[in-house]
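Peer 1: give me a 3D structure for the following:
(chains A and B)
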Amino acid sequence: MTDTVTYLYAIARDAGAPLPPGLTGLLGTPVRTVAAAGLVAYVGTVPLAQFGEAALRRNLEDLTWLEATARAHHQVVEAVAETGPVAPVRLVTVYRADEQIGRLLRDRAEEFTEVLARVAGRREWGVKVYAAPRHAEPDDTGAGEAPEGAFGRPGTAYLKRRRTSLRTREEAWRRAASRAERIDSVLTGIAVARRHHRAQDPQLSGRDDWMVLNGAYLVDDERGEEFAAAVAALRDPELDVQLTGPWAPYSFTISEPGAGGAA
Amino acid sequence: MTPERPRGGYVTPYGGGPGGGREGANLGDILERVLDKGIVIAGDIQVNLLDIELLTIKLRLLVVSVETARELGIDWWEHDPWLTGDRRGLEEENRRLRERVEDLEEGRHGRRAVDAPRPEPAEPRAESRPGRERDPERGRDRGRIEEPERRHADPERRRD
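Peer 2: Presented below is the predicted three-dimensional model:
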């Protein structure tokens, strides 16, 4: 019974690329490689005491631990991405020993090779678009309507205003959504693939804004600047467009029929 | 480990004024990817991230962005005494409540001292008064009014 386990960060082609010098991962442990079937897995040795099943359940509830782990994992993935195509593996994928990783590479070689071919020479960009509902507020829409108050029907007037306001919000939402669609289609035209992530809950974001787009775009390396410039050009006063990246291709490791290529 | 260091792969921000521009990888963006994307492989150690209820609740907040959550005051994980081990807040509140109770009790005793010549400090507490406690009409909030009744009641019970 050993007291360490093997943590898997990412998979790449075994192109003989040297390990980024001094690369460390979780808990500052060195990153190693395990090669098989023309592929190479980037792994590290971590203590079972922290990465065993029970320990993981506990640790994942600990935000400090989670943050450190997520950042260390991400750092290794990004470092590997610098050296060539990479398929990031989801956080906390843990094996008993290196042998199991060799077997994994052989068993799923075809799938991993396909993923790596798809992301080769490409990076992921994230684009979030927010629309501010304040643009939807009917400042003086109600002013032109029949003067309220003459016979004291403020309730009716209120309901009318409220209805107008809701309708206006709905229209504003539709307008924002259609602008976001346009942004998405321009960006998808530059990208080779696109995924839509779940929009984040406005109640939790604390912004009045609606998140009308949360997209990930797989972009050829040569077109990265073009993509970023396109995002900048797509800004408009009513939308807040936020760009992140380039990222390792986290969002493009799963084949999703229909979501793949841009036309 | 240098958690804040942006990866070398990031291009120089292309500009971007307020409210725009490319941003570095914040924790929310990273978590959105490392927890939700990437190749899913069943390792030898099985932990289904979705099984961890508390985690997902926290992440719903985190993935939004830690900063906004904090601005919103959704930072209970930092202050929750059960999570942080910091129970000073609770203790402080307990202390204040205890003082308040003492003040109220002293106030009542004080008034009674005026009404009743005999202070009888031990009387209300030392004796058990099962009959009175079962009777809601003679509840604890009746204050001074019940004092004369007690005096009537006491001799009755002493007969037992």
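
Peer 1: so for the one helix or strand residue A:158 maps to, what's the average pLDDT?
Peer 2: Using DSSP states H and E, residue A:158 falls within helix A:154-190. Regarding helix A:154-190, the rounded mean pLDDT is 88.

Peer 1: same thing with stretch A:15-24?
Peer 2: What stretch A:15-24 shows for mean pLDDT is 88.

Peer 1: quick check: mean pLDDT of the helix or strand following the helix holding residue A:158?
Peer 2: The helix or strand immediately downstream of helix A:154-190 is strand A:193-196, counting by DSSP H and E. The pLDDT scores in strand A:193-196 average 93.

Peer 1: for stretch A:23-32, buried residues please.
Peer 2: Residues of stretch A:23-32 classed as buried: A:23, A:24, A:25, A:26, A:27, A:29, A:31 (neighbour count, 16 or more other CB atoms under 10 Å in any protein chain shown). Yep, even glycine has a C-beta here, placed from its N, CA and C like the rest.

Peer 1: and those residues near chain B, which?
Peer 2: Among the buried residues of stretch A:23-32, the ones lying near chain B by CB under 8 Å from any CB of the partner chain are residue A:24.

Peer 1: could you check how far residue A:235 is from chain B?
Peer 2: To chain B, residue A:235 is 6 Å away according to CB to the nearest CB, to the nearest Å.

Peer 1: helices and strands around the helix holding residue A:158, which ones?
Peer 2: If you count contacts as 3 or more CB pairs under 8 Å, 6 or more residues apart in numbering or on different chains; DSSP states H and E, helix A:154-190 packs onto strand A:122-131, strand A:193-196, strand A:210-220, helix A:224-233, strand A:239-247.

Peer 1: which residues does the nearest residue to residue A:235 once chain neighbours are set aside contact?
Peer 2: In this structure, residue A:235 finds its nearest non-sequential neighbour in residue A:241, 5.2 Å apart by CB to CB, 6 or more residues apart in numbering or on different chains. Residue A:241 makes contact with A:127, A:128, A:129, A:130, A:183, A:231, A:234, A:235, B:20 under the criterion CB atoms under 8 Å, 6 or more residues apart in numbering or on different chains.

Peer 1: report the beta-bridge partners for residue A:241.
Peer 2: Beta-bridge pairing for residue A:241 (DSSP bridges): residue A:129.

Peer 1: dump the helices and strands packed on helix A:154-190 into CSV; add distance to residue A:80 as well.
Peer 2: Shown next, in CSV, are the helices and strands packed on helix A:154-190 (distance: least, CB to CB, whole Å):
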stretch, distance to residue A:80
strand A:122-131, 13
strand A:193-196, 20
strand A:210-220, 17
helix A:224-233, 18
strand A:239-247, 13
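
Peer 1: circling back to that earlier point, and which of the contacts of residue A:241 is nearest residue A:165?
Peer 2: residue A:130 (20.0 Å; CB to CB).

Peer 1: can you give me the neighbour number for the closest one?
Peer 2: Look at residue A:130: counted by other CB atoms under 10 Å in any protein chain shown, it has 24 neighbours.

Peer 1: relative to chain B, how far out is it?
Peer 2: For residue A:130 relative to chain B (CB to the nearest CB), the value is 9 Å.

Peer 1: and the helix or strand where residue A:114 lies, what does it pack onto?
Peer 2: In the assignment (DSSP H and E), residue A:114 maps to helix A:109-119. Helix A:109-119 is packed against strand A:4-13, strand A:39-47, strand A:86-95, with contacts defined by 3+ CB pairs under 8 Å, 6+ apart.

Peer 1: who's in contact with it?
Peer 2: Residues outside helix A:109-119 that contact it (CB under 8 Å, 6+ apart) are A:11-13, A:36-39, A:85-87, A:105, A:193, A:218, A:249, A:252-253, A:255, B:39.

Peer 1: list buried residues within those residues.
Peer 2: Among the contacts of helix A:109-119, those buried by neighbour count (16+ other CB under 10 Å) are A:11-13, A:36-37, A:39, A:85-87, A:105, A:193, A:218, A:249, A:252-253, B:39.
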